[in-house]
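K.L.:
Any chance you can model this:
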Amino acid sequence: MSHATQSQNWLARATLVVAATMAVGCSSSAVGTGAASRPAPERTRSSTLTAALPCCLEAGREVAERYRATGITRRRFTHDELWATLDPIVAAPSLRVAEIGRSIQGRSIKAATFGSGPTRVLLWSQMHGDESTATMSLADLLGWFADPAGAQREMRDQISRQLTVVMVPMLNPDGAELFQRQNAVGVDVNRDAASLATPEGRALKALRDSLRPQFGFNLHDQNARTLAGNGGKQAAIALLAPALNAQRTFEGARINARLVAAGMAAVLDREIPGRVARYDDSFNPRAFGDLMQTWGTSTVLVESGAMPGDPEKQRLRALNVVALVSALDAIATGRYASTSPAAYDALPMNARQAMDVIIVGASVVMPGHADPFRVDLSLNYDEPVARLHPRVREVGDLRGVVALDTISAAGLFLHPQPSMLTEQGGYYWLRIDAPAAFTLRRGADARSEVVRSFPAESRGRRER
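P.N.:
As a prediction, the model looks like this:
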């Protein structure tokens, strides 16, 4: 089948999705590239007066807790496992599901739709197969949308009347199968917006062209070692109203994206102060988020990072629900239009990546050497979110190195375990990238009192 024929097929599928979900009041003339050309839902006086205040924290919490899809409790799951959980949920009369395409290996890419209002919103997740936090959040939102008599009914009904919400929970099912970023042929789908060489990219573009959404949410995960500003806390979530040109001007669809992001930033800051950042807004002419903005869809990028004590990202899952509930309510009520961009503009930028752990003040005891070496060590985990499989990254004077955790070992002696050393001809090396395993003792003698073993840290702490 030719590329052109494939594109026509995906466009036809996407058109069927839109036709099936927009039976009520969707004018195709409603979409433009500027704020003035994009009609907002009617706003009440009360919602306008309270627009400066972040909405929906408690409502979002309730939705996240009550409608948590219990079939998915870990961040690694396959396409089949996801839809085994979703199929009973999306069978509800309030939801419509349609296939918008198939992956390279033939897995179905589906979109679920809620509501039939005049303002159209598109959310897509897991275009990178190993970025699944928001996929879990969308499953929870679908559970809420499926329950007409449940929690936050008035808000749910308002969204249903004013919005047509289309969700693609898993755009890259082949990547999800191996929990890898790329699709089955090794392409980063988020860099395929211009060439549309992949069936996954073509499916998303055809859905966007057929739906012509006024708002979009591009849902991702970012590096777990990213900080919210230099010297800041570990970034839990980063937001971005992507640029629509190389000059990064605020015009067209980006204006409303910035306002929606500001509302999300405000509500998240109440829940995780100091852990919300702003993603780099350099324009990428190959990326879907940037081109969605250029095509006239006010798009917000949401990047889930990591938090202490959250190895399966279940708290981040709930925070995404809170942020998305707030954003959908702001769009449905029109509250976003009178939101100040200050909360977005004030966000610290995503800062340099920190080391996972640094051990300072210890004296390293090496076999064959009478005198210990006074050096610092930094470690990174192979699995930074779950904090598993640490490796040595740097040894020496590490003053000024930023780490998520610091182990103060002043006056103690670090005894490497055999797995941390390489032996050859009776000589020993402590090598960079070696698995990190050691004990901190009171003395240089291997029989001295053990103060701490590593890895054996408590990973259950929860910080704000």
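K.L.:
hey, let's count contacts and neighbours off CA atoms from now on
P.N.:
Noted.
K.L.:
got any ranges where the stretch 51-200 of the chain has weak pLDDT?
P.N.:
For the stretch 51-200 of the chain, the stretches with pLDDT under 70 are 51-54.
K.L.:
And the helices in it?
P.N.:
57-66, 79-90, 133-145, 153-162, 173-178, 199-211 (DSSP state H, counting those that start in this stretch).
K.L.:
just checking, what packs against the fifth one?
P.N.:
To tie it back to what came earlier, the one meant is helix 173-178. If contacts are counted by 3 or more Cα pairs under 8 Å, 6 or more residues apart in numbering; DSSP states H and E, helix 173-178 sits against helix 79-90.
K.L.:
buried sites along the helix it packs on?
P.N.:
79, 82-83, 86, 89-90 (16 or more other Cα atoms under 10 Å).
K.L.:
same question, stretch 354-373
P.N.:
Judged by neighbour count using 16+ other Cα under 10 Å, the buried positions of stretch 354-373 are 354-367, 372.
K.L.:
Let me know the closest of the buried residues of helix 79-90 to Leu163.
P.N.:
Val90 (17.7 Å; Cα to Cα).
K.L.:
My guess is Ser132 contacts Gln126. True?
P.N.:
Yes: at 5.5 Å, Ser132 counts as touching Gln126 under the criterion of Cα atoms under 8 Å.
K.L.:
Can you work out which residues contact both of these two?
P.N.:
The contact sets of Ser132 and Gln126 overlap at His220 (Cα atoms under 8 Å, 6 or more residues apart in numbering).
K.L.:
how much space is there between Val325 and Glu154?
P.N.:
Using Cα to Cα, to the nearest Å, Val325 is found at 13 Å from Glu154.
K.L.:
tell me the angle whichever strand or helix holds Asn320 makes with helix 133-145.
P.N.:
For Asn320, the host element (DSSP states H and E) is helix 314-333. Angle of helix 314-333 versus helix 133-145, following axes from the mean of the first three to the mean of the last three Cα atoms, to 10 degrees, is 60 degrees.
K.L.:
got the contact list for the helix or strand just after helix 314-333?
P.N.:
The C-terminal neighbour of helix 314-333 among helices and strands, as given by DSSP H and E, is helix 342-345. Helix 342-345 has contacts (Cα under 8 Å, 6+ apart) with 258-259, 261-263, 265-266, 278.
K.L.:
Correct me if wrong: Gly361 contacts Leu377.
P.N.:
No: if you go by Cα under 8 Å, Gly361 and Leu377 don't touch, sitting 9.3 Å apart.
K.L.:
ok, the closest residue to Leu319 other than its chain neighbours to Gly309 distance?
P.N.:
Residue nearest to Leu319 in three dimensions, not counting chain neighbours: Leu268, with 7.4 Å by Cα to Cα, 6 or more residues apart in numbering. Counting by Cα to Cα, the separation of Leu268 from Gly309 is 18 Å.
K.L.:
and these two? which has more neighbours close in?
P.N.:
Neighbours were counted for Leu268 and for Gly309 using other Cα atoms under 10 Å; Leu268 has more, 23 against 18.
K.L.:
Tell me which residues touch the more buried one, please.
P.N.:
Leu268 neighbours (Cα under 8 Å, 6+ apart): 57, 276, 319, 322-323.
K.L.:
do that again at 10 Å, thanks
P.N.:
Leu268 makes contact with 54, 57, 236-237, 262, 274-276, 319-320, 322-323, 326, according to Cα atoms under 10 Å, 6 or more residues apart in numbering.
K.L.:
so can I have JSON lines of the residues you listed showing neighbour count and distance to Val185?
P.N.:
Output for the contacts of Leu268, formatted as JSON lines (neighbours: other Cα atoms under 10 Å; distance: Cα to Cα, whole Å):
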{"residue": "Pro54", "neighbour count": "20", "distance to Val185": "43"}
{"residue": "Leu57", "neighbour count": "20", "distance to Val185": "41"}
{"residue": "Ala236", "neighbour count": "30", "distance to Val185": "31"}
{"residue": "Ile237", "neighbour count": "29", "distance to Val185": "29"}
{"residue": "Ala262", "neighbour count": "28", "distance to Val185": "37"}
{"residue": "Gly274", "neighbour count": "20", "distance to Val185": "39"}
{"residue": "Arg275", "neighbour count": "24", "distance to Val185": "35"}
{"residue": "Val276", "neighbour count": "31", "distance to Val185": "34"}
{"residue": "Leu319", "neighbour count": "26", "distance to Val185": "33"}
{"residue": "Asn320", "neighbour count": "29", "distance to Val185": "30"}
{"residue": "Val322", "neighbour count": "27", "distance to Val185": "35"}
{"residue": "Ala323", "neighbour count": "23", "distance to Val185": "33"}
{"residue": "Ser326", "neighbour count": "26", "distance to Val185": "37"}
